[in-house]
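Trainee: Need a 3D model of the following:
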Amino acid sequence: MSKPKVLGSREVARTRLFRIEEMELRFSNGVERTYERLVGFNTGHAAVMVLPLLDDDHFVMIEEYAAGTEDYQLTLPKGLVEPGEALFDGANRELMEEAGYGAKKLELLTELTLSPNYMTHRMNVVVARDLYEKRLQGDEPEPLGVHIFNFDQLPELVQRPEFTEARAMVALYMVRDLLRK
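Mentor: Next comes the predicted model:
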């Protein structure tokens, strides 16, 4: 299948963090449709989610307030790579700021999207190994909770109401399966 032709696009709304863009598309069969999508202002800057491994059985998660769910959520350290910063440097910085660990080894696991029909956002998932304690000051408004879990706890963990971050779930299951091979 060939991609639809973009006939035009325009911004229809803007906030401090996002833009809503309207796109006029023509599909290969001649049908035309108007789509809307959420576009972040960080276009061109990578986003990272870090899965910190203490060993092949244990991983680190953070607990932070999530405005979208209006509750505290368990998740993995994540954030934007700063302009001019390499992906792994950004991943390690976010890990130090949010979880209080640095990593001697970093490896790209995959790139994930979040609601690709409506959002341009992409997240690079990085596995962090050979951790050491190191905390950097970040931009969080309050100290984050830091929790250690075992991969054997994963089935129960994903049932907890404070763990709803699907990208973190996918990353944890992917790494668990890779480690068990």
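Trainee: And the lowest-mean-pLDDT helix or strand in the chain, what's buried?
Mentor: Taking all helices and strands of the chain together, the one with the lowest average confidence (mean pLDDT, DSSP states H and E) is strand 32-40, at a mean of 90. Buried residues in strand 32-40, counted by 16 or more other C-beta atoms under 10 Å: Arg37, Leu38, Val39, Gly40. (Glycine included, C-beta is placed from N, CA and C.)
Trainee: Can you tell me which of these is nearest Val31?
Mentor: Arg37 (18.3 Å; C-beta to C-beta).
Trainee: The closest one bridge partners, please.
Mentor: Here Arg37 shows beta-bridge partners Glu21, assigned using DSSP bridges.
Trainee: And the helices in the protein?
Mentor: Chain-ordered helices for the chain, with DSSP state H as the definition, fall at 87-99, 154-157, 166-179.
Trainee: who wins for proximity to Asp130 among the ones you listed?
Mentor: Using C-beta to C-beta as the criterion, the shortest distance between Asp130 and those is 11.3 Å, found for helix 87-99.
Trainee: can you give me phi and psi for whatever residue is furthest in space from the centre of the chain?
Mentor: Most distant from the centre of the chain: Gly30, at 36.0 Å, with distances by C-alpha atoms, centre = their mean. Backbone geometry at Gly30, expressed as degrees, to the nearest 10, gives phi 90, psi -10.
Trainee: What does the pLDDT read for it?
Mentor: Model confidence at Gly30, expressed as pLDDT, equals 95.
Trainee: And it, how far from Lys3?
Mentor: Gly30 sits 14 Å away from Lys3 when distances are taken as C-beta to C-beta, to the nearest Å.
Trainee: just Glu64 next, same as before
Mentor: Taken as C-beta to C-beta, the spacing of Glu64 relative to Lys3 amounts to 37 Å.
Trainee: ok, which stretches of the protein are strands?
Mentor: Along the chain, counting by DSSP state E, strands occupy 5-14, 18-26, 32-40, 47-52, 58-66, 71-75, 78-80, 101-113, 122-133, 145-150.
Trainee: in the longest one, what counts as buried?
Mentor: Of the residues in strand 101-113, Tyr101, Gly102, Ala103, Leu106, Leu109, Leu112 count as buried by neighbour count, 16+ other C-beta under 10 Å.
Trainee: who's Gly145 bridged to?
Mentor: According to DSSP bridges, Glu63 are recorded as the beta-bridge partners of Gly145.
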